[in-house]
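> Sequence first, predicted model second:
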Amino acid sequence: MEKRTSSIIIFSIILATSILAGLFAFPRGFGASHMPWRLGLDLIGGTTLVYDVDLTGIPSDEQAGAVAGLKEVIERRVNLFGVSEPRVNIAQKESGYQLLVDLAGVHDIRDAIEQIKETPVLDFREVSRNATGDKIYTQTELTGRFIASATLGFNNIDNSPLVVLNFSDEGAKLFEEITARNIGRPLAVFLDGQSITEPVVQQRITGGTAQITGRFTIDEAKTLVKRFNAGALSAPIKLTNQRTVSPSAAGDSLNRMIDAWLIGTALIMLFMILYYRSLGVFAAAALFIYIALTLALFKIIPNFTMTLAGIAGFVLSIGLAVDANILIFERTKEEIKKGMARIDAINAGFKRAWPSIRDSNISTTITSIILYFFTSSFVKGFALTLGLGVMTSMFSAIFVTRTMLRIFVKSKS
């Protein structure tokens, strides 16, 4: 009796959570205004731009960092363009690196290309103040093209992270002149017209090497290094391909996918109810709970963008969620045929089906992880929704279904 009471409490919590999750995930639910769905360009239309990265003259061990810095610069430029969730991905090929820029909702390619341009611009500016105390920035001749490299270093005294800048011969002379006349004052560094750091000049700096210190974390120092390297123009980018997806074509694809998902889910539920009778009803109810929880999980993930490939992965995970119930119910039917009481047969079915469910879901999860980390952006969306869906389906098929059966199924021969 105590076990049944605790099962009722647990199921009530699950049911309430699922209802809230469903309302949150529904496009017109209470989460629509504060956290709307982020949709990819294949669902709302937009533009894809492909840039080749010229890494000529960059050592092989520094190429990945240079490309990462360029990626960050483009993301910043796209945000200025007004696209709230740009997707900039790095693709590595035999010929080198490419940057794939997805601009969902942007249909004017010329404006997008003009905004991104082809190279990041970094420059140093002297800082002064006017009569009202406002900062005045005066641009100098020292720009990113005079920076030979930027690396991460550590202070010898307290081991705090810092940024080490190495200038070319001409850049070293310019930097020495600028620091000589700005001792005790900030020297601002701008990337694409935005200040990224304003260190105070402590002394005249000679030799072409400078250190930027501050209360940086390691991640903040690494980010600053990427920005300096990106602005050094050592890895220019060139537009090589462009593609536009119209809103009507994207909307048609989305409607077709939703229709396929609804029809497929309905047929799965109908089959479970017709073939497994009362057990199928519980499986269908657990499937509703699974769908609500999984969609809410997708929506709360930071920077998650739903694409057609992602929807495909989610639809596939629904089939896998039912597959676990089928294994459990088949083992349960075998135990009932042996004369075991129904509730005992259900418990035995869960126990004996679990190793198969565990192993199949773990193998699918491992596959999803491999696809996510070693493939392009299009497959990443499929892998992410499939992997998260599989993990949630294990909770739904094992825990939710079992809790409902403990509440509603009576022990009888």
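On my side now, so go ahead. Residues are numbered from 1 along each chain as shown.

> tell me the secondary structure for Phe304?
Taken by DSSP: H, G, I helix; E, B strand; the rest coil, the conformation at Phe304 corresponds to coil.

> Then Asp123?
Under three-state DSSP, Asp123 comes out as strand.

> Please name the spatially closest residue to it (chain neighbours excluded).
Among residues not flanking Asp123 along the chain, Thr143 sits closest, at 4.6 Å (C-beta to C-beta, 6 or more residues apart in numbering). Placement of C-beta: from N, CA and C, glycine included.

> quick one: that neighbour and Arg125, what's the gap?
The gap separating Thr143 from Arg125 is 10 Å, by C-beta to C-beta, to the nearest Å.

> doesn't Ser168 make contact with the residue nearest to Asp123?
No. Counting by C-beta atoms under 8 Å, Thr143 does not reach Ser168; the two are 11.2 Å apart.

> hang on, the earlier thing: list the contacts for the residue nearest to Asp123?
If you count contacts by C-beta atoms under 8 Å, 6 or more residues apart in numbering, Thr143 has them with 121-124.

> likewise Ala150?
By C-beta under 8 Å, 6+ apart, the contact list for Ala150 reads 163-166, 224-225, 228-229, 232.

> can you give me the helices in the chain?
Applying DSSP state H to the chain gives helices spanning 2-25, 41-44, 60-81, 109-116, 169-180, 218-231, 247-276, 278-300, 308-337, 342-374, 377-394, 401-408.

> got the ones you listed as JSON lines, with mean pLDDT and mean neighbour count columns?
Converted to JSON lines, these look like this (pLDDT from 0 to 100; neighbours: other C-beta atoms under 10 Å):
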{"stretch": "helix 2-25", "mean pLDDT": "86", "mean neighbour count": "14"}
{"stretch": "helix 41-44", "mean pLDDT": "76", "mean neighbour count": "22"}
{"stretch": "helix 60-81", "mean pLDDT": "71", "mean neighbour count": "18"}
{"stretch": "helix 109-116", "mean pLDDT": "69", "mean neighbour count": "16"}
{"stretch": "helix 169-180", "mean pLDDT": "90", "mean neighbour count": "17"}
{"stretch": "helix 218-231", "mean pLDDT": "77", "mean neighbour count": "20"}
{"stretch": "helix 247-276", "mean pLDDT": "84", "mean neighbour count": "14"}
{"stretch": "helix 278-300", "mean pLDDT": "90", "mean neighbour count": "21"}
{"stretch": "helix 308-337", "mean pLDDT": "86", "mean neighbour count": "20"}
{"stretch": "helix 342-374", "mean pLDDT": "88", "mean neighbour count": "16"}
{"stretch": "helix 377-394", "mean pLDDT": "85", "mean neighbour count": "22"}
{"stretch": "helix 401-408", "mean pLDDT": "84", "mean neighbour count": "19"}
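
> I appreciate the help and will end here.
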